[in-house]
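Enquirer: pasting a predicted model and its sequence here:
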Amino acid sequence: MRNKPTDYNLFEIYEQNYISLKKLTVSLTALNMKCVYIIDHAKVSFKVVEFTKYTAVIEIQFPNWYDSVYTNIMISSIKVRLYHDAKMASVELDFRTYPPQKQFTEKLNLNLFLREYLILCSHKGKLSFTC
């Protein structure tokens, strides 16, 4: 029998995602700033699309090869909201597209995907440029 994920697990993932994102995007301190990492000859970009005192939204653009090789989810980009005061980062999800009973599972899966992807970026990625 599989363990059912809890809110506590999700909050741990939020904290891990925040720490990883802050390490990867330390130079992004204003709206529309962007940094690009190279992973296996593919570009992964992180762009600030919203920036306030307590929160920020970073859009992550994935390379096309990532969709088919590493996951069965077709994702070209995701938006991640960072909560600076709580030190948490969560994937933004349009809940209107998911029935209520699947919302938690989808949110958990996307945040787990983000965590694994950020680990990949930090281990294999090389910062290409920041603007």
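Expert: Great, that's in hand. Numbers count the residues shown, from 1 in each chain.

Enquirer: helices of the protein, start to end?
Expert: For the chain, the helices defined by DSSP state H occupy 7-24, 64-70, 100-124.

Enquirer: so which of those helices gets nearest residue 81?
Expert: helix 7-24 (9.8 Å; Cβ to Cβ). For every residue, glycine as well, the C-beta is placed using N, CA and C.

Enquirer: who are the packing partners of the closest one?
Expert: Secondary-structure packing of helix 7-24 (3 or more Cβ pairs under 8 Å, 6 or more residues apart in numbering; DSSP states H and E): strand 77-83, strand 88-91, helix 100-124.

Enquirer: for residue 9, which of the ones you listed is the nearest?
Expert: helix 100-124 (7.6 Å).

Enquirer: the closest one - what's its average pLDDT?
Expert: On average, the pLDDT along helix 100-124 is 87.

Enquirer: in it, what counts as buried?
Expert: 107, 108, 110, 111, 112, 113, 114, 115, 117, 118, 120, 121 (16 or more other Cβ atoms under 10 Å).

Enquirer: name the nearest residue to the fifth one, ignoring sequence neighbours.
Expert: Pointing back at residue 112 there. In space, residue 112 comes closest to residue 13 once its chain neighbours are excluded; the distance is 6.4 Å by Cβ to Cβ, 6 or more residues apart in numbering.

Enquirer: dump the residue contacts of that neighbour.
Expert: Applying Cβ atoms under 8 Å, 6 or more residues apart in numbering, we find residue 13 in contact with 108, 111, 112, 115.

Enquirer: same check, this time on residue 15
Expert: Counting by Cβ under 8 Å, 6+ apart, the residues that residue 15 touches are 87, 88.
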